[in-house]
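> Sequence below, structure please.
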Amino acid sequence: MVVASANDFRVNQKKYLDLVKQDIQVFLKRGSDLFVITSVSERQNVKVNPVWAEHLKKAQREIISGKVTAIKSDDVWKKVRELHTP
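Here you go, the predicted structure:
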């Protein structure tokens, strides 16, 4: 386990990220706050807000079933306003 100050981490990011890659826990301390630096890889599960996860699953189902609206890039905001105007 390694604890780094925010300033030290800023200056030596490569050093600390290399430690994380070696499965050494790195904590970043800023004032009274403590953060953990972790690596995200395909082998790890990332915690996702369950509400957002359900929104993403619903969107994926709608895309698969063809419930989508194609929008040309030159009129994106106009089309969004039209879709969401009561």
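> Ends of stretch 27-47, what's the gap?
Stretch 27-47 stretches 19 Å from its first residue to its last (C-alpha to C-alpha, to the nearest Å).
> List the buried residues in the worst-scoring helix or strand of the chain on mean pLDDT.
Least confident helix or strand of the chain, by mean pLDDT, DSSP states H and E, is helix 76-83 with a mean of 78. Residues of helix 76-83 include none that count as buried (16 or more other C-beta atoms under 10 Å). Where you see a C-beta, it was placed from the backbone N, CA and C, and this is true even at glycine.
> can you list contacts of it?
Under the contact criterion C-beta atoms under 8 Å, 6 or more residues apart in numbering, helix 76-83 has outside partners 69, 71-72.
> residues touching residue 3, list them.
Residue 3 touches 26-29, 34, counting by C-beta under 8 Å, 6+ apart.
> Other residues contacting the helix ranked longest in the chain?
As assigned by DSSP state H, the longest helix anywhere in the chain is helix 50-64. Contacting residues not belonging to helix 50-64 are listed as residue 68 [C-beta under 8 Å, 6+ apart].
> pLDDT of that helix, averaged?
Taken as a whole, helix 50-64 has an average pLDDT of 90.
> Just the CA coordinates for that helix, please, in CSV.
What follows is helix 50-64 as a C-alpha-only set of coordinates in CSV (Å, rounded to 0.1, in the frame of the first residue of the first chain):
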residue,chain,number,x,y,z
PRO,A,50,-28.0,0.6,-11.1
VAL,A,51,-30.4,3.2,-12.4
TRP,A,52,-28.1,4.2,-15.2
ALA,A,53,-27.4,0.5,-15.9
GLU,A,54,-31.1,0.0,-16.5
HIS,A,55,-31.4,3.1,-18.7
LEU,A,56,-28.5,1.7,-20.8
LYS,A,57,-30.1,-1.7,-21.0
LYS,A,58,-33.4,-0.2,-22.1
ALA,A,59,-31.6,1.9,-24.7
GLN,A,60,-29.8,-1.1,-26.0
ARG,A,61,-33.1,-3.1,-26.3
GLU,A,62,-34.7,-0.1,-28.2
ILE,A,63,-31.8,0.1,-30.6
ILE,A,64,-31.9,-3.7,-31.3
